[in-house]
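Undergrad: Only the shape, not the letters, is given here:
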């Protein structure tokens, strides 16, 4: 192994100078098992980053296929990517599922109000037409 000396010229150094003492060398034993995290009182394996990568790639690929006119393939791949991403977020899905009836109720109230406004606007339009005909 060559190294530069203080004069700037390569000098030969012995490999033994770079070796760590035996007590500092890492053991060649088995690799440690993945760590577990505790969430909601349940031990779960740590989230795998590759699932997020695959899910994101699938959603982007599905979007690209949709843009280039491949509707069925694009929708299928985007749906698969979305499902894979949601598998990692089970707590979020559970919260959404519990809140879903409330969302439907809010949407129904909004549509009822919109229908009332449309009905009122139609009545106002008929009144204006009657006034204009006189």
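TA: Perfect, I can see it now. Computed from a predicted structure; not experimentally measured.

Undergrad: The chain: strands as residue ranges?
TA: Ranges of strands within the chain are 2-4, 10-12, 36-39, 42-45, based on DSSP state E.

Undergrad: quick one: average pLDDT of the first one?
TA: Spelled out, it's strand 2-4. Mean pLDDT, strand 2-4: 51.

Undergrad: Check the last one too.
TA: Taken as a whole, strand 42-45 has an average pLDDT of 62.

Undergrad: OK, contacts around residue 80?
TA: Applying Cβ atoms under 8 Å, 6 or more residues apart in numbering to residue 80 gives the contacts 58, 62. (Each C-beta comes from the backbone N, C-alpha and C, glycine too.)

Undergrad: Output the below-cut-off pLDDT ranges for the protein.
TA: 1-48 (pLDDT under 70).

Undergrad: Please repeat the previous calculation with a cut-off of 90.
TA: Scanning the chain with the threshold set as pLDDT under 90 gives 1-57, 59, 81-97, 130, 132-134.

Undergrad: Going by length in residues, pull out the top helix of it.
TA: Secondary structure of the chain per DSSP state H: the longest helix is helix 90-133.

Undergrad: helices and strands around that helix, which ones?
TA: Helix 90-133 sits against no helix or strand, with contacts defined as 3 or more Cβ pairs under 8 Å, 6 or more residues apart in numbering; DSSP states H and E.

Undergrad: care to break this structure down by domain?
TA: Following automatic domain parsing, one finds the domains of the chain at 48-88, 91-134.
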